[in-house]
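**Q** Quick one: sequence and predicted model below, then my questions.
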Amino acid sequence: MLLDASTLLLVTVILTFMVGSLFLLSWSQARHVHALAIWGAAHITGAMASALLSLRGIIPDWASIGVANGVMIGAYGLIWIGTRAFEGRPARLMPIAVAVVLWSGSCLIPAFFTSVPARVMLASSLAGGFCLLAAREIWRARAEPLVSRYPGVALLLLYTVAYWIRVPLAIAAPPQTQPNPLQTPWLTILCLAGMLFTLAIAFVFMSLTKERAERLQRLAADTDALTGILSRRAFVARAETALTDGGDVTLLLFDLDHFKRINDVHGHAVGDGVLVGFCHAVAALLPGSAIFGRMGGEEFACLLRGLTPEDALAKAEFLRRAVARIAVSELPQLAISVSIGLATAEAAASAAPGRRLDALLSRADAALYRAKRNGRGRTEPAPRPLRRVA
C-alpha cells in the first residue's frame, strides 16, 4: 500500500474514530468524569472531518473544504472544552461557535475560498488557538500534582506551534494543489502529525484521568471521612517520616472529655458535630508544619516540630483553652473540654523512627491518662526520658 496522503487520511479516520470510541467506553465506566465524554466526542468529530477531507475531488469542494475544516476546528474546540471540564471549569461554547462561524463566513467569500494560502492561514490559526487554550487550562491547574500534566502542556504547545508555523509558510511557500489536491506534501505532513498527536494526546489524557483517580483514592485513604484530617494510618506514616528529619518534636494526644455523655444526651449527630468542630478549631490554630490526625473515636494526635518543650506546653495549653471556648448557641448546656497528654523527644535520639514514635505515643498516652485521672480538662506533660550514660 502506497503511503500517500489518501492512505494516511483513511488511517487517520479509523485511528481517530477508535480513540474517540475508547474515550466514550472509558466514560461509560466513569460517568462522573465528563471530560472523557467530551474528548470522545472531539475525536469522533475529528474522524468525521478527516473522512470529508479524504473525499476531496469526489464530493463538492464546499463539503470537502468548507464543511470539513469547520468540523475539524470544532473538534479542536471540543478538546479545549474537555480540558476545562477536566479541571472543573464550566464549558464555554461561544468561542467555538465564533470560530466556526468565522471560518464558514469566510468560505462564502469567493476570493478567500479560492485562495489556498488564505484558507491554510485561517484554519491553522483557529485550530492552533484552541490547542493553546487547552494547554493553558492544564497549566493553570498545575497546583494539583499530576505527572502527566507537564507532558500534556508540552504536547499541546508543540501542536500549537505546528499549526501556527503554517501561517508564515503559507505566505513564503504556498501549497500546491495540482494536479491532485490530496497528493501534496502539506497534506501528507499534516496527516502524519495528526496521527501522532491523536495517539499522544489520548495517552496523556487517559494518564491524567488515571493519575487523578489514584490521587483521590490515596487522599481518601489518608483522610478521616468525618473530620477531614489525617487518618491514623496517614498520621503514623507522616509522623515517622518527620522523625527521620531530625529536630526536637513534641507529641500531643487529645481526648475529648465525657464524649460518651455528649452522644447519650444530645445524640450522635451532635457528637459528630463536636468532633468536626474540635478538629476545625485545632487545625486552624496549629502551625503549618504540624501533623494532625485522628487516632480513633474521640482521640486525636498532633506532632509539633521545632518547638522547645516549654513552647510546646504553652501551645498545648493554648489549644486546650481554645477548645473550652467552643459554644453552640442552640445548645447552651453543651460544654466541650479536652484533656491533653504531651511527650517530647530530642533530636539526639538514635532509635528507629517507628520505635521513637511508639515510645512517644506510650509516654503521651500515660500523660493523657494522668490528665484524666486528675480531673480532665487539663494538660499533663510526660516526664523527660533519662539519658543513658555510657
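**A** Thanks, I have it.

**Q** Pick out the residue nearest the middle of this structure.
**A** Centroid check for the chain by C-alpha atoms, centre = their mean gives Glu144 as the closest residue, at 4.2 Å.

**Q** residues in contact with that residue?
**A** 212, 215 (C-beta atoms under 8 Å, 6 or more residues apart in numbering). Backbone N, C-alpha and C define where each C-beta goes, glycine included.

**Q** again with Glu137
**A** Contact analysis of Glu137 by C-beta under 8 Å, 6+ apart lists 80, 83-84, 86-87, 89.

**Q** try Leu319
**A** 252, 254, 282, 285-286, 338, 340.

**Q** any idea how far the nearest residue to Leu342 once chain neighbours are set aside is from Arg321?
**A** Closest residue in space to Leu342, ignoring its immediate chain neighbours: Pro381 at 4.5 Å, by C-beta to C-beta, 6 or more residues apart in numbering. Plainly put, Pro381 is 16 Å away from Arg321 if you go by C-beta to C-beta, to the nearest Å.

**Q** low-scoring stretches of the stretch 251-390 of the chain, by residue?
**A** Within the stretch 251-390 of the chain, the stretches with pLDDT under 70 are 346-354, 385-390.

**Q** Check for me that the residue nearest to the centre of the chain belongs to a strand.
**A** No - counting by DSSP: H, G, I helix; E, B strand; the rest coil, one finds Glu144 to be coil, located in no strand.

**Q** so how far is Leu208 from it?
**A** Here Glu144 is placed at a distance of 10 Å from Leu208 (C-beta to C-beta).

**Q** likewise Leu275?
**A** 35 Å.

**Q** cool, and Pro287?
**A** To Leu208, Pro287 is 34 Å away according to C-beta to C-beta.

**Q** Pick out whichever of the two has more residues nearby.
**A** More crowded of Pro287 and Leu208, by other C-beta atoms under 10 Å: Leu208, with 22 against 10.

**Q** Correct me if wrong: the more buried one contacts Gly152.
**A** Yes - between Leu208 and Gly152 there is a contact at 6.3 Å, judged by C-beta atoms under 8 Å.

**Q** Now list whatever residues contact both of the two.
**A** Common contacts of Leu208 and Gly152 (C-beta under 8 Å, 6+ apart): Ile138.

**Q** if we can go back for a sec, just curious, which of the contacts of Glu137 is nearest to Asn374?
**A** Checking the contacts of Glu137 against Asn374 with C-beta to C-beta, the nearest one is Glu87 at 53.1 Å.

**Q** Just want the phi and psi numbers for that closest one.
**A** phi -90, psi 10 (degrees, to the nearest 10).

**Q** ditto for Gly57
**A** Backbone torsions for Gly57, taken as degrees, to the nearest 10, come to phi 90, psi -20.

**Q** And for it, the neighbour number?
**A** Gly57 has 12 neighbours, counted by other C-beta under 10 Å.

**Q** Roughly how far does it sit from Ser21?
**A** According to C-beta to C-beta, Gly57 stands 28 Å off from Ser21.

**Q** which other helices and strands contact the biggest helix by length in the chain?
**A** Ranked by residue count, the top helix of the chain under DSSP state H comes out as helix 185-222. Taking 3 or more C-beta pairs under 8 Å, 6 or more residues apart in numbering; DSSP states H and E as contact, the helices and strands that helix 185-222 lies on are helix 5-29, helix 34-54, helix 68-86, helix 149-164, helix 232-244.

**Q** what about Val116, how many neighbours?
**A** Around Val116 there are 17 residues (other C-beta under 10 Å).

**Q** what's the answer for Ala242, then?
**A** By the measure other C-beta under 10 Å, the count of residues near Ala242 is 19.

**Q** again, but for Asp311
**A** Neighbour count for Asp311, taken as other C-beta under 10 Å: 13.

**Q** That one: what secondary structure?
**A** With three-state DSSP as the basis, Asp311 sits in helix.

**Q** ok, Pro381 and Arg321, which is more surrounded?
**A** More neighbours surround Pro381 than the other of Pro381 and Arg321, with 21 against 13 (other C-beta under 10 Å).

**Q** following the helix or strand that contains Arg294, which helix or strand comes up?
**A** Using DSSP states H and E, Arg294 maps to strand 291-296. For strand 291-296, the following helix or strand on the C-terminal side (DSSP H and E) is strand 299-305.

**Q** relative orientation of that following strand and helix 232-244 in degrees?
**A** Counting by axes from the mean of the first three to the mean of the last three C-alpha atoms, to 10 degrees, strand 299-305 lies at 20 degrees to helix 232-244.

**Q** So what are the sheet partners of strand 299-305 and their directions?
**A** Here strand 299-305 has these sheet partners by DSSP bridges: strand 249-256 (antiparallel), strand 291-296 (antiparallel).

**Q** Only the C-alpha atoms, please, for it, written as CSV.
**A** Presented in CSV, the C-alpha positions along strand 299-305 are these (Å, rounded to 0.1, in the frame of the first residue of the first chain):
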residue,chain,number,x,y,z
GLU,A,299,-8.8,10.6,70.4
PHE,A,300,-6.6,12.8,68.3
ALA,A,301,-2.8,13.3,67.9
CYS,A,302,-0.6,16.1,66.8
LEU,A,303,3.1,16.2,66.2
LEU,A,304,4.8,19.6,66.6
ARG,A,305,8.2,20.2,65.2
